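Visitor: heads up, no residue letters with this:
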């Protein structure tokens with residue numbers, strides 16, 4: 001399979017952005033903003049620039065406000081120091097010919113009062129996810145969160161909008177709304193984490209309302225074709241969220257409604273676990289949503305070079321995002337192009353501070369020369 005024939009290595013017109021290939025770097029929490037401001041550092045500049053060969057980089061989840069934090073040492077996008085840190089990242093990536101979106105993140109109830117001066121984290125409903133979170137004092141259990149008031153919901157929408165403006169000021173090419181994997185927006189979607197009886201709970205349109213308000217607010221800052229959204233429709237269990245008979249119906253509704261927008265892309269994950277025995281979930285996300293969503297479809301989870309090429313060749317996706325393989329293979333595109341072997345990643349260093357497991361993975365040619 002030569003470069004000319006590999007679907008992954010073909011360019012792609014995504015709105016008004018031309019991507020040099022269809023190999024996307026997925027957003028990944030790395031916990032390397034080890035400073036009081038939780039601002040990106042020179043290590044972040046190196047990390048992302050090493051991976052500028054991707055058709056598009058999507059940054060690690062970046063909290064939209066201090067209330068959105070749930071992990072130690074994650075780089076935010078709500079303060080001047082953070083904006084300046086990210087500006088160095090975007091300038092370096094652009095100088096190396098890359099394009100980069102930022103993922104806007106609010107963890108909701110997957111947090112702890114120790115991140116919030118003793119206040120409870122915000123959530124759709126006051127339901128404890130009974131999850132483990134890593135606080136400044138080590139691993140601890142979550143608590144009952146605070147059910148958001150209508151005012152707090154609107155304040156949070158504005159926090160997303162403000163973060164989107166900060167992202168523009170920092171020089172990003174666009175933004176991705178993190179609506180997945182058990183965090184705040186996903187908590188609104190899910191029936192067992194959202195038991196509200198007002199206009200944000202109950203029916204599927206009500207549970208999707210918060211997401212669309214966030215999207216519309218961000219659209220006041222960014223054109224639609226510079227906004228991406230991420231979802232995980234067949235996620236069975238995570239952080240106290242359990243899929244229900246309405247899960248796929250909920251995401252079908254959201255995807256149908258998103259056809260009215262001219263988004264950069266919709267970013268979907270295949271199931272994180274085997275759901276073949278769960279009758280109300282589906283095993284082939286790309287194939288299912290290709291029939292529903294008319295815009296650019298990005299797919300994630302478990303792909304390698306062969307399966308990534310195949311999902312594009314089959315017409316089920318336009319772009320494929322890679323997470324862990326992009327940690328240990330900064331030159332992933334070149335490895336795919338030349339069919340070089342992939343370097344294994346070390347999960348023990350995913351969230352630890354320092355350079356190890358972050359910017360010390362060599363490119364393949366560097367490996368051969370050493």
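Guide: Looks like it came in fine. In this text, all values refer to a predicted model and were calculated from it rather than measured experimentally.
Visitor: going by C-alpha atoms from here, please, whenever you check contacts or count neighbours.
Guide: OK.
Visitor: any low-confidence regions in the stretch 1-150 of the chain?
Guide: Across the stretch 1-150 of the chain, the ranges flagged by pLDDT under 70 are 1-4.
Visitor: return the distance of residue 165 relative to residue 57.
Guide: Distance, residue 165 to residue 57, by C-alpha to C-alpha, to the nearest Å: 19 Å.
Visitor: out of the two, which sits in the busier spot?
Guide: The residue with more neighbours, out of residue 165 and residue 57, is residue 57; 25 against 18, by other C-alpha atoms under 10 Å.
Visitor: beta partners of that one?
Guide: Residue 57 has these beta-bridge partners by DSSP bridges: residue 25, residue 100.
Visitor: isn't it right up against residue 25?
Guide: Yes: Residue 57 lies in contact with residue 25 (C-alpha atoms under 8 Å); the separation is 4.7 Å.
Visitor: how many neighbouring residues does the closest residue to residue 346 other than its chain neighbours have?
Guide: Excluding its sequence neighbours, the residue lying closest to residue 346 (C-alpha to C-alpha, 6 or more residues apart in numbering) is residue 357, at 6.7 Å. By other C-alpha under 10 Å, the residues close to residue 357 number 19.
Visitor: ok, residue 357 - contacts?
Guide: Residues counted as contacts of residue 357 (C-alpha atoms under 8 Å, 6 or more residues apart in numbering) are 327-328, 345-346, 349-350.
Visitor: now the buried members of the residues you listed.
Guide: Listed as buried from those are 327-328, 345, 350; burial here means 16 or more other C-alpha atoms under 10 Å.
Visitor: what are the phi and psi values at the residue nearest to residue 346?
Guide: phi 70, psi 10 (degrees, to the nearest 10).
Visitor: gap between it and residue 344?
Guide: Counting by C-alpha to C-alpha, the separation of residue 357 from residue 344 is 11 Å.
Visitor: what's the answer for residue 182, then?
Guide: Plainly put, residue 182 is 27 Å away from residue 344 if you go by C-alpha to C-alpha.
Visitor: what about those two, which has more around it?
Guide: More crowded of residue 182 and residue 344, by other C-alpha under 10 Å: residue 182, with 26 against 12.
Visitor: pop out the phi and psi values for the more buried one.
Guide: Torsion angles, degrees, to the nearest 10, at residue 182: phi 90, psi 10.
Visitor: my guess is it meets residue 236, correct?
Guide: No: with contact defined as C-alpha under 8 Å, residue 182 does not reach residue 236; the gap is 10.3 Å.
Visitor: for this protein, just list every one of the helices.
Guide: With DSSP state H as the criterion, the chain has helices at 42-50, 80-95, 150-169, 184-189, 204-218, 247-258, 285-290, 305-313, 324-328, 332-338, 364-369.
Visitor: if you compare those, which one is most tucked away?
Guide: The highest mean neighbour count among those, using mean count of other C-alpha atoms under 10 Å, belongs to helix 184-189: a mean of 27.
Visitor: and that one, what does it pack onto?
Guide: helix 204-218 (3 or more C-alpha pairs under 8 Å, 6 or more residues apart in numbering; DSSP states H and E).
Visitor: which other helices and strands does the helix it packs on contact?
Guide: Counting contacts by 3+ C-alpha pairs under 8 Å, 6+ apart, helix 204-218 packs against helix 150-169, helix 184-189, helix 247-258.
Visitor: nearest to residue 9, out of those helices?
Guide: helix 247-258 (27.1 Å; C-alpha to C-alpha).
Visitor: other SSEs contacting that closest one?
Guide: Here helix 247-258 touches helix 204-218, going by 3+ C-alpha pairs under 8 Å, 6+ apart.
Visitor: hmm, who's touching the helix it packs on?
Guide: Applying C-alpha under 8 Å, 6+ apart, the contact partners of helix 204-218 are 153, 157-158, 160-161, 164, 177, 179, 185, 188-190, 194, 199-201, 250, 253-254.
Visitor: the same query, at a cut-off of 6 Å, please.
Guide: 157, 161, 188-189, 199-201, 250 (C-alpha atoms under 6 Å, 6 or more residues apart in numbering).
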